[in-house]
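>>> Test case, fold it:
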Amino acid sequence: MPATIIPGVAVPLSLVGTFAVMVFLDFSINNLTLMALTIATGFVVDDAIVVIENISRYIEKARSRWPPR
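Model prediction:
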């Protein structure tokens with residue numbers, strides 16, 4: 001559960017920040033920009049899942065070698 005807290009907070013916060021910058025710079029929020037944000041969010045979440053899985057794998061690998069022989 002703690003591993004999901006960081007992406008769970010980072011993704012909505014980055015989306016709110018993105019919309020704030022888009023409004024500030026007077027970009028239009030249309031179907032193309034919403035689709036691009038959806039795809040970018042998918043990439044970020046997928047990368048976060050891969051990183052968390054690799055960290056878990058390395059932790060388990062280190063536990064299996066402890067105590068040293």
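>>> Against which helices or strands is the longest helix seen in the chain packed?
The helix spanning the most residues in the chain, taking DSSP state H as the definition, is helix 31-64. Counting contacts by 3 or more CB pairs under 8 Å, 6 or more residues apart in numbering; DSSP states H and E, helix 31-64 is packed against helix 2-24. Every residue, glycine included, has its C-beta placed from N, CA and C.
>>> Give me the residues contacting the helix it packs on.
Residues from elsewhere that reach helix 2-24 (CB atoms under 8 Å, 6 or more residues apart in numbering): 29, 33, 37, 41, 44, 45, 48, 49, 52, 55, 56.
>>> Buried only: go through those residues for me.
37, 48 (16 or more other CB atoms under 10 Å).
>>> separation between residue 10 and residue 41?
10 Å (CB to CB, to the nearest Å).
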